[in-house]
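Enquirer: fold the following and give me the result.
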Amino acid sequence: MRLSLCFFMLILLPVATGVHAWLFCRENLPLLTQEAVARLQAAGVRNPVVDVRFFDIAVSGEAPDPPARQQALAAIRTLVPLRLLPSEERIHVEASLSATLEQNTLRLKGWFPAGDEISNVQRLLAELRPDLVINTAELRSDPEVRWPQGMRPPLTAAHPLLKPIIDTLRVPAALHIQAKADAIVLSGLLPDTLLKEELVAVLAEVAGAREVDPTALKASPHVLPAAFAKPELLTAFVNSFFSLPPPRSFDIQSDGIPHLTGVATRQLESVWLALLRPVTGSAKVDAQFTLVPSRYHFPGYQIQSQLPPATLDPLRETLRGCTIVFEAGSAHIPPQEQTRLATLAPTLLAAGPTLGLIIGAHPDPAGPESVEKDIGKARADAVLSFLVEQGVPAADIHAEVFDAVPAGSPAAPASPRSVELLLK
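Expert: As a prediction, the model looks like this:
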């Protein structure tokens, strides 16, 4: 009897175990599965998948970063009575990259697999935007991170992780050149390194003793193309414009409108506008010039006379403000002005053949340009002839007509019907 009972219990035990397992699976596994999914989602796992097979559990999904992955796995391991084997830990962390631009600093954030890609990305972005500081403190690597499908290195400008960031970093071109008494300073962004080098070289030729500082001028292929970035044409203008004394400045943005400031003559203004036309096309030039009659009137103009200082300095003071005033419409020197010239002649004669005298006529800006130019030339020639008659050698005297300057301008002559004498 006892043997039969034991035999019956042995037969009943597996049946009871099977029934218990069936009841466990029916009643508890769905609840455990739901709890496991909830814990994975709480840890930030995307698309969680849970497979519970009796007391063993397998999990998969995408965690936002390695710390979230460890948090998710720790939460599953504490889910009693389930067991998570290492081979069933299939939660992955995909490489990610985001960026925030704060003034001149680009902050990168995300996760990469272990390797050299962080330094490669930093180097690439620094080449594309040399004006930015690339901060990678929040861009980290971890062996648990993997590259998304189809996004394996190398990371180039066209890589899916980098391209959205790079597209937002593309910036318009701009060029700013400011000539000061001691330096010529360049700043801005250019799409071509060659253009930057040619601008610096041209400015070095005209700078004289001044320093050419291109530190703030960056060149990068990531700068958007600009219509003004024409090396040969732009450098021709820059060479002409900055060969004159400072202060002066040239600014141009991606809109193609150039902004000019400085001292100019009417003739030089026309030359510069003609040089700019093929650079900027139909864009209107914003020229804020202080007009002067000639280049001899530029601030800081250096007299080229070969006279020794002992002779030059007194002569310069004698000629300061020396103007011969004419009657309206006349090129005849009035008697009182002839007396002044006759008194001045011995001083000019004593200077010798290296005098370097300029006789410049100021035309009336209110009159017709051609008429005023003709009568101005006649007045300058009349003064030249009178001085030669007084014995002053004509070898180093030059007569010309200055540009007309609007009345009321700082450099406008006291009388527009006058001839000015000055040293070359």
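Enquirer: low-confidence ranges, the stretch 1-150 of the chain, go.
Expert: 1-28 (pLDDT under 70).
Enquirer: all helices for the stretch 51-200 of the chain, in order.
Expert: Ranges of helices in the stretch 51-200 of the chain, per DSSP state H, counting those that start in this stretch, are 66-77, 117-128, 163-169, 193-206.
Enquirer: show me what counts as buried in stretch 211-219.
Expert: Buried residues in stretch 211-219, defined by neighbour count with 16 or more other C-beta atoms under 10 Å: 212-214, 217-219. All C-beta spots, glycine's among them, are computed from the backbone N, C-alpha and C.
Enquirer: grab the most central residue of the protein for me.
Expert: Gly188 (2.0 Å; C-alpha atoms, centre = their mean).
Enquirer: what's the spacing between it and Ile397?
Expert: According to C-beta to C-beta, to the nearest Å, Gly188 stands 45 Å off from Ile397.
Enquirer: check the offset of stretch 405-423 from the chain's centre.
Expert: Relative to the centre of its chain, stretch 405-423 is centred 40 Å away, using C-alpha atoms, centre = their mean, to the nearest Å.
Enquirer: give the buried residues for that stretch.
Expert: 405, 411-413, 416-423.
Enquirer: contacting residues for the spatially closest residue to Lys163 that is not a sequence neighbour?
Expert: Distance criterion C-beta to C-beta, 6 or more residues apart in numbering; nearest residue to Lys163, sequence neighbours excluded, is Ala157 at 6.9 Å. If you count contacts by C-beta atoms under 8 Å, 6 or more residues apart in numbering, Ala157 has them with 124, 128, 163, 166.
Enquirer: swap in Asp51?
Expert: 57-59.
Enquirer: nearest to Ala43, of those?
Expert: Distance to Ala43, by C-beta to C-beta, is smallest for Val59 among these, at 10.6 Å.
Enquirer: for the closest residue to Ala126 other than its chain neighbours, list the residues it contacts.
Expert: Once flanking residues are discounted, Ala126 sits nearest to Ile134: 5.4 Å by C-beta to C-beta, 6+ apart. Counting by C-beta under 8 Å, 6+ apart, Ile134 touches 106, 108, 122, 125-126.
Enquirer: in the sheet, who's paired with Ile134?
Expert: Beta-bridge partners of Ile134, counted by DSSP bridges, are Leu106.
Enquirer: now it: how far from Leu276?
Expert: 36 Å.
Enquirer: and Met341, how many neighbours?
Expert: For residue 341 the amino acid is Leu, not Met. 20 (other C-beta atoms under 10 Å).
Enquirer: now it. Nearest residue, chain neighbours left out?
Expert: Phe386 (5.5 Å).
Enquirer: burial of the one you found, as a residue count?
Expert: 18.
Enquirer: is it fair to say it lies in a strand?
Expert: No. In this structure, Phe386 is helix, not part of a strand, as judged by DSSP: H, G, I helix; E, B strand; the rest coil.
Enquirer: on that earlier part again, just flag the most distant two among the contacts of Ile134.
Expert: Among the contacts of Ile134, Leu108 and Ala126 lie farthest apart (C-beta to C-beta), at 11.5 Å.
Enquirer: when the two are compared, which one has more neighbours?
Expert: Leu108 (19 against 15).
Enquirer: right, and the more buried one touches Leu101 too?
Expert: No. Applying C-beta atoms under 8 Å, one finds Leu108 not in contact with Leu101, separated by 10.5 Å.
Enquirer: identify each buried residue in stretch 329-338, please.
Expert: 331, 333, 337.
Enquirer: now, those that are in helices?
Expert: Glu337 (DSSP state H).
Enquirer: just the buried residues of stretch 329-338 now: which is nearest Gly300?
Expert: Once C-beta to C-beta is applied, the member of the buried residues of stretch 329-338 that ends up nearest Gly300 is Glu337, at 30.3 Å.
Enquirer: identify the residues contacting the closest residue to the closest one other than its chain neighbours.
Expert: Using C-beta to C-beta, 6+ apart and skipping the chain neighbours, the partner closest in space to Glu337 is Ile324 (4.6 Å). Going by C-beta under 8 Å, 6+ apart, Ile324 touches 333, 337, 340-341, 379, 383, 418-421.
Enquirer: any idea whether Ile324 is helix, strand or coil?
Expert: strand.
Enquirer: quickly list what it is bridged to.
Expert: Val419.
Enquirer: how about the helices of the stretch 201-350 of the chain, start to end?
Expert: Under DSSP H, counting those that start in this stretch, the stretch 201-350 of the chain gives helices at 231-241, 266-280, 309-319, 335-351.
Enquirer: which parts of the third one are buried?
Expert: In terms of neighbour count (16+ other C-beta under 10 Å), helix 309-319 has its buried residues at 311-312, 315, 319.
Enquirer: ok, back up a step: and the contacts of Ala157 as TSV, adding distance to Val37 and neighbour count?
Expert: Formatted as TSV, the contacts of Ala157 follow (distance: C-beta to C-beta, whole Å; neighbours: other C-beta atoms under 10 Å):
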residue	distance to Val37	neighbour count
Leu124	40	19
Leu128	43	20
Lys163	34	12
Ile166	38	18
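Enquirer: ok, those residues vs Gln390, which is closest?
Expert: Leu128 (70.7 Å).
Enquirer: straight-line length of stretch 180-193, end to end?
Expert: This stretch, stretch 180-193, spans 24 Å end to end (C-alpha to C-alpha, to the nearest Å).
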